[in-house]
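Undergrad: Fold the following.
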Amino acid sequence: MENQTTTVTEFVLLGFPISRKTELLFFVLLLPTYLMTLLGNIVIIYLVVSHSRLYTPMYFFLCNLSILDILFTSVISPRILDDLATGHKTISFAGCITQCYFHFFLGTVEFILLTSMSYDRYAAICNPLRYSTIMNPSVCTGLVLFSWVGDFLSVLFPTILISKLPFCGSNIINHYFCDSGPLLALACADTTSIELMDFLLSSTVIIFSIILIGYSYACIFMTILRIPSASGRKKAFNTCASHLTIVVIAEGITAFIYVTPIQKETLEINKIPSVLSSVVAPFLNPFIYTLCNDTVQGILREVWVGFREVLVGRGRGLLSRVSKKDH
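TA: I've put the predicted structure just below:
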C-alpha cells in the first residue's frame with residue numbers, strides 16, 4: 001500500500017515529563033519570576049533614560065541589554081505560562097517558526113551586545129584619556145545597530161530553510177519551546193546541511209565573542225594590576241564585575257547547549273540549561289547590575305527616598321483633609 005502522509009500544521013510542545021500538580025507549581029514559580037524580570041529591566045531603562053549621570057556609553061549599552069532581555073524572555077515565558085496554566089500545549093506551524101526565529105535572533109544580538117560592552121570596558125580602563133573619543137555617540141550607536149540589523153539578517157536564512165522542510169510525521173516537539181534541534185528531529189528530509197549551518201553559525205558567534213571578550217578582559221586585568229592603590233584597583237574591577245558575571249552566565253550556558261555538532265542526541269539534557277538561559281538569566285541581569293554598581297545603587301536610593309517623600313506628603317495631606325471634615 002502507498003504510504004499516506006499528512007502535512008503538519010501544528011506542533012505539540014512536550015515540555016517536561018512532570019505531573020499536572022507539578023506543572024501548576026512551576027507556573028506559580030515562573031509567573032512572579034517573569035513579572036520581576038519585566039519590572040527589573042524596566043527600572044533599569046527608566047533610570048538610564050531619566051538620569052543624566054547615566055548618559056554614558058556603558059549605560060547606553062545596559063539600557064539596550066535590558067530592552068533585549070525583556071524581548072528575549074517574552075518570546076518564551078508567556079507561552080510556557082499559558083501551557084502550564086491551561087495544559088493546552090499546541091502551537092501553530094507559523095507560531096513555532098516565528099518563536100524559533102526570534103529566540104535565535106535575540107540570543108545572537110545579546111552575544112554581540114555583550115562583546116560591544118566588553119570593548120567599552122576595555123576602552124574605559126585601558127585608554128581612559130581617549131575614552132570619550134573612542135566611544136563617541138556615533139561608535140556606540142553603530143555597534144548597537146550592527147548588533148540588531150546584522151543578526152536580524154544572519155539568522156533569517158537558516159530559519160527560512162527550516163520553514164521549507166517537510167514535516168509529515170510526528171508533530172510532538174521534545175522541548176518546552178520551538179528550538180531548532182527538536183524541530184529538525186521531526187523533519188521528513190535530510191537535515192544534515194541545516195544542522196551543520198546551525199552549528200557553524202552558533203559556533204562562530206559564540207567562539208568569536210568569547211575570544212574578543214577574553215582578549216578585552218586580559219588587557220583589563222593587566223591594566224588593573226598595574227594600578228598602585230588597592231582602592232583604585234577595586235574601583236576599576238567593580239566597573240567590570242557585573243558585565244563579566246553576565247558574560248560567564250550567558251555564554252557558558254549557550255555554549256553548552258548549541259556548540260555541539262549533533263543537537264538531536266542532547267535534547268533532554270538541554271532542557272534545564274535552556275530554562276536558565278531564557279528565563280533565569282534575564283531575571284538575574286538587572287539585579288546583578290544593581291548589586292555590583294555603586295552608581296545605580298545611589299540613584300535607586302535617591303528615587304526611593306523621593307518616592308517615599310511623595311507618599312508621606314500625600315498621606316499627610318489626606319489626613320489633614322479628613323481632620324478638617326471632622327471639624
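Undergrad: and residue 162, what does it touch?
TA: 97, 100, 180, 183, 184, 187, 194 (C-beta atoms under 8 Å, 6 or more residues apart in numbering). Just so you know, the C-beta spots here come from the backbone N, C-alpha and C atoms, and that holds for glycine as well.
Undergrad: Rebuild those as TSV, extending it with distance to residue 204.
TA: Formatted as TSV, the contacts of residue 162 follow (distance: C-beta to C-beta, whole Å):
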residue	distance to residue 204
97	23
100	19
180	15
183	21
184	19
187	23
194	16
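Undergrad: Could you list which of the residues you listed belong to strands?
TA: Among those, none falls in strands (DSSP state E).
Undergrad: Residue 286: which of those residues is nearest?
TA: Of all the contacts of residue 162, residue 100 has the smallest distance to residue 286: 26.3 Å, by C-beta to C-beta.
Undergrad: so what pLDDT did the closest one get?
TA: What the model reports as pLDDT for residue 100 is 89.
Undergrad: same deal with residue 94?
TA: Value for residue 94, per-residue pLDDT: 89.
Undergrad: Look at residue 83 and say how many residues are nearby.
TA: 19 (other C-beta atoms under 10 Å).
Undergrad: Sorry, wrong one. I was asking about residue 298.
TA: Using other C-beta under 10 Å: residue 298 sits among 12 other residues.
Undergrad: Now do the helices in this structure.
TA: 20-50, 57-86, 93-126, 131-134, 137-145, 151-163, 180-186, 192-225, 230-258, 267-275, 281-292, 294-326 (DSSP state H).
Undergrad: Determine the set of other helices and strands touching the fifth one.
TA: Going back to what we said before, that points to helix 137-145. Judged by 3 or more C-beta pairs under 8 Å, 6 or more residues apart in numbering; DSSP states H and E, helix 137-145 is in contact with helix 57-86, helix 93-126.
Undergrad: What of the fourth one?
TA: Other helices and strands packing on helix 131-134, by 3+ C-beta pairs under 8 Å, 6+ apart, are helix 93-126.
Undergrad: how about the helix it packs on: buried residues?
TA: Neighbour-count burial for helix 93-126 flags 93, 96-126 (criterion: 16 or more other C-beta atoms under 10 Å).
Undergrad: So which elements touch that helix?
TA: strand 10-13, helix 57-86, helix 131-134, helix 137-145, helix 151-163, helix 180-186, helix 192-225, helix 230-258.
Undergrad: show me where pLDDT drops low in the stretch 51-200 of the chain?
TA: Low-confidence segments of the stretch 51-200 of the chain (pLDDT under 70): none present.
Undergrad: Identify the residue nearest the geometric centre of the protein.
TA: residue 69 (4.0 Å; C-alpha atoms, centre = their mean).
Undergrad: Distance-wise, check that residue relative to residue 203.
TA: Residue 69 sits 24 Å away from residue 203, going by C-beta to C-beta, to the nearest Å.
Undergrad: Show me the one of the helices of the chain that comes nearest residue 7.
TA: Among those, the nearest to residue 7 by C-beta to C-beta is helix 93-126 (8.9 Å).
Undergrad: gap between residue 119 and residue 229?
TA: From residue 119 to residue 229 the distance is 26 Å (C-beta to C-beta).
Undergrad: what number of residues lie near the residue lying closest to residue 175 once chain neighbours are set aside?
TA: In this structure, residue 175 finds its nearest non-sequential neighbour in residue 182, 4.4 Å apart by C-beta to C-beta, 6 or more residues apart in numbering. The number of residues packed around residue 182, counting by other C-beta under 10 Å, is 24.
Undergrad: what's next to stretch 127-134, contact-wise?
TA: Against stretch 127-134 from outside (C-beta under 8 Å, 6+ apart): 123, 124.
Undergrad: correct me, but residue 293 touches residue 245?
TA: No - if you go by C-beta atoms under 8 Å, residue 293 and residue 245 don't touch, sitting 11.2 Å apart.
Undergrad: neighbour-wise, which of those two wins?
TA: Neighbours per residue, other C-beta under 10 Å: of residue 293 and residue 245, the larger number sits with residue 293, 20 against 16.
Undergrad: and the more buried one, what is it in contact with?
TA: Residue 293 neighbours (C-beta under 8 Å, 6+ apart): 238, 242.
Undergrad: still on that earlier bit, export the helices and strands packed on helix 93-126 as CSV, with columns for distance to residue 298.
TA: Listed next are these as CSV, based on distance: least, C-beta to C-beta, whole Å:
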stretch, distance to residue 298
strand 10-13, 44
helix 57-86, 13
helix 131-134, 21
helix 137-145, 23
helix 151-163, 34
helix 180-186, 43
helix 192-225, 23
helix 230-258, 13
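Undergrad: out of these, which comes closest to residue 169?
TA: The nearest among the helices and strands packed on helix 93-126, by C-beta to C-beta, is helix 180-186 at 6.6 Å.
Undergrad: CA atoms only for the closest one, dumped as CSV, please.
TA: What follows is helix 180-186, C-alpha atoms only, in CSV (Å, rounded to 0.1, in the frame of the first residue of the first chain):
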residue,chain,number,x,y,z
SER,A,180,15.8,24.3,16.1
GLY,A,181,17.2,20.9,17.3
PRO,A,182,13.8,19.4,18.2
LEU,A,183,12.3,20.8,15.0
LEU,A,184,14.9,19.3,12.8
ALA,A,185,14.4,16.0,14.5
LEU,A,186,10.8,15.9,13.2
